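Student: model this:
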Amino acid sequence: MKRSKIKTIKQEKKAGEEALVKGWVRTVRHQKNFSFIELNDGSTLSCLQIIADSSLPNYTAIVERLATGASCAVAGILVESLGTKQAIELHAKEIEIIGECDSQHYPLQKKRHSFEFLRTIAHLRPRTNTIGAVMRVRNVLAFATHVFFQERGFIYLHTPIITASDCEGAGELFNVSTLDKEDPPRNKRGEIDHSHDFFGKLAYLTVSGQLNGESYACALSDIYTFGPTFRAENSNTSRHLAEFWMIEPEMAFADLSDTMDLAQIYLKYLIGEVLIKCPEEMEFFDRVIRKGTIARLQEMIDKPFQKISYIEAVEQLAKSGRVFEFPCHFGCDLQSEHERYLCEEVYKGPIILYDFPKAIKAFYMRENEDGKTVAAMDVLFPGVGEIIGGSQREDRHAILVEKMDRMGLDKEPYWWYLELRKYGSVPHAGFGLGFERLIQFVTGMENIRDVIPFPRTPNHAPF
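Tutor: Residues are numbered from 1 along each chain as shown. Coordinates of the predicted model:
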């Protein structure tokens, strides 16, 4: 008999049909003449209840070895359940233990475990209701991302993981080197000589695929990347990871307005897909993790995002009467407290901030006619703050060179990027979305470390 997933059984199978399931035991309850086994295979949040009758040939031997965490295969007949917690259950005809579990030392007992504890057993935590549900939502959001862009004619691009240039210019980079760390070659000045390194120069793990994406957008029109990015930022917060995933569309013949429109349509599409494809998981998050999650997401779909300029935002903050930890004025980089105040108290929903001071933004953003601001935008969500950052790119060669000189950037690593502005340059724009922050918002999870399979943070990479 072919194995059926528990999700398929609950959605498609009927009483009277035979079924074979394989999964992990969540709980076992023994009665006088039979046992209840709760089995889960990860395909869905809820378990399948199995009735093991004492008339089974190997009942005693099997039941004595069954414990929470053990894996087993069960073949039997589906019947309508007399209980209220499930519509259908499986009456076992045959049970085979695949992998036994030492119940005395198994760390996932039937009780609430803190997320901090679960991070110490990240190899086992996907067996919990919460992490399993998060990963199924993550899967739906990832697949929906590809569907969204593919249906709109975007080309999926794989950009390099190893790069020689820093997209953001912030210097928070992980070095990639094959030099002997105990005795690296040195030049006449005593500095490490990276000309002997694998790539013949300093190389890094990428912080963004944007710059490479721009070159392909300037040939294929619309592209998107979806891959891991790395920031060596020593931030121990609930919103930062050293390794995270980014989605970065780039559009040729497009301006800032096009980017803002795409960001809004994309986010609404993803949220809608999760509500349709993950009803059981979303009900769980609404009930257990954060009350009102579903209503909050539905409101995101129904209401247009408010668009306000950076100057308007600063004015709103100035007249708020609120004493912020970080004072706000024109030219300051808005902090999380500012973003959340605007989203949660002033506009009561997602907002798109645009036209930021050029002094606080990256070199590649297009300078506006006022000479003070750049055509940049951030999408801010209640609860998490910035979820998307984007801009129209500076497509004018002379202005880009002048900006790089003003910021003190070495132009050599960007020679090819500058050439894009010399050979058939076009207006183009795009944005980057931090995938884990989106999952945080959708699920209501408080810590970003709980929405990625194996979090990488300062002093923490054990798995």
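Student: Just name the shakiest helix or strand of the protein by mean pLDDT.
Tutor: None of the helices or strands of the chain scores lower by mean pLDDT, DSSP states H and E than helix 59-65, at a mean of 85.
Student: just checking, what packs against that helix?
Tutor: Using 3 or more CB pairs under 8 Å, 6 or more residues apart in numbering; DSSP states H and E as the contact test, the elements touching helix 59-65 are strand 48-53, strand 88-99. Backbone N, C-alpha and C define where each C-beta goes, glycine included.
Student: deepest of the ones you listed, which one?
Tutor: With neighbours defined by mean count of other CB atoms under 10 Å, none of those is more surrounded on average than strand 48-53, at a mean of 20.
Student: which residue ranges form the helices in the stretch 301-450 of the chain?
Tutor: Using DSSP state H, counting those that start in this stretch, the helices of the stretch 301-450 of the chain run over 310-318, 336-341, 397-406, 415-419, 435-443.
Student: Ok, which of those helices comes nearest Glu12?
Tutor: helix 435-443 (26.6 Å; CB to CB).
Student: Would you mind checking the average pLDDT for that closest one?
Tutor: Mean pLDDT, computed over helix 435-443, is 96.
Student: Which elements pack onto it?
Tutor: helix 129-151, strand 243-252, helix 256-277, strand 385-392.
Student: what about the residue of the chain most remote from its centre, is that helix, strand or coil?
Tutor: Distance from the centre of the chain peaks at Ser55, with 48.6 Å (CA atoms, centre = their mean). When classified by DSSP: H, G, I helix; E, B strand; the rest coil, Ser55 comes out as coil.
Student: how much space between it and Lys93?
Tutor: According to CB to CB, to the nearest Å, Ser55 and Lys93 sit 10 Å apart.
Student: who's the residue nearest to Asp255 when sequence neighbours are not counted bridged to?
Tutor: Excluding the flanking residues, the one nearest Asp255 by CB to CB, 6 or more residues apart in numbering is Gln392, at 5.1 Å. For Gln392, the beta-bridge partners are Ala429 (DSSP bridges).
Student: hmm, back to that, could the helices and strands packed on helix 435-443 be laid out in a markdown table, adding mean neighbour count, mean pLDDT and distance to Thr237?
Tutor: What follows is the helices and strands packed on helix 435-443, written out as a markdown table (neighbours: other CB atoms under 10 Å; pLDDT from 0 to 100; distance: least, CB to CB, whole Å):
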| stretch | mean neighbour count | mean pLDDT | distance to Thr237 |
| --- | --- | --- | --- |
| helix 129-151 | 18 | 98 | 19 |
| strand 243-252 | 23 | 97 | 13 |
| helix 256-277 | 19 | 98 | 23 |
| strand 385-392 | 22 | 94 | 11 |
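Student: And those: which comes nearest Pro455?
Tutor: Across those, closest to Pro455 is strand 243-252 (CB to CB), at 8.0 Å.
Student: in its sheet, what does that closest one sit against?
Tutor: So strand 243-252, judged by DSSP bridges, has these partners: strand 222-230 (antiparallel), strand 428-434 (antiparallel).
Student: got a list of what Gly200 touches?
Tutor: Contacts for Gly200 (CB atoms under 8 Å, 6 or more residues apart in numbering) come out as His194.
Student: follow-up on the earlier one: looks like the residue nearest to Asp255 contacts His428 (just checking).
Tutor: Yes: Gln392 is within contact range of His428, at 7.4 Å (criterion: CB atoms under 8 Å).
Student: Overlap of the contact sets of these two?
Tutor: Ala254.
Student: Please identify the most buried of the strands paired with strand 243-252.
Tutor: Buried most deeply of the strands paired with strand 243-252, by mean count of other CB under 10 Å, is strand 428-434, with a mean of 25.
Student: can you state the direction angle for that strand and strand 385-392?
Tutor: Per axes from the mean of the first three to the mean of the last three CA atoms, to 10 degrees, the angle that strand 428-434 makes with strand 385-392 is 160 degrees.
Student: hmm, back to that, what's the closest of the helices and strands packed on helix 435-443 to Lys5?
Tutor: Once those are compared by CB to CB, helix 129-151 is nearest, at 12.2 Å.
Student: what's in contact with the least confident helix or strand of the chain?
Tutor: The contact list for helix 59-65 (CB under 8 Å, 6+ apart) reads 28, 30, 35, 52-53, 56, 95, 97, 100.
Student: which of these sit farthest apart?
Tutor: Farthest pair in the contacts of helix 59-65 (CB to CB) is Asp53 and Glu100. Separation: 21.7 Å.
Student: closest to Gly444 out of the helices and strands packed on helix 59-65?
Tutor: Nearest to Gly444, of all these, is strand 48-53, at 26.6 Å by CB to CB.
Student: list the contacts for Arg322?
Tutor: So Arg322 contacts Tyr341 (CB under 8 Å, 6+ apart).
Student: Where does pLDDT dip in this structure?
Tutor: 167-171 (pLDDT under 70).
Student: mind redoing it with 80?
Tutor: Along the chain, segments meeting pLDDT under 80 span 64, 83-85, 110, 165-171.
Student: can you map out the strands along the stretch 101-250 of the chain?
Tutor: 155-156, 162-163, 175-176, 203-205, 222-230, 243-252 (DSSP state E, counting those that start in this stretch).
Student: Would you mind giving the ones you listed as JSON lines with distance to Leu267 added?
Tutor: As requested, the strands of the stretch 101-250 of the chain are arranged in JSON lines below (distance: least, CB to CB, whole Å):
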{"stretch": "strand 155-156", "distance to Leu267": "19"}
{"stretch": "strand 162-163", "distance to Leu267": "28"}
{"stretch": "strand 175-176", "distance to Leu267": "33"}
{"stretch": "strand 203-205", "distance to Leu267": "27"}
{"stretch": "strand 222-230", "distance to Leu267": "14"}
{"stretch": "strand 243-252", "distance to Leu267": "11"}
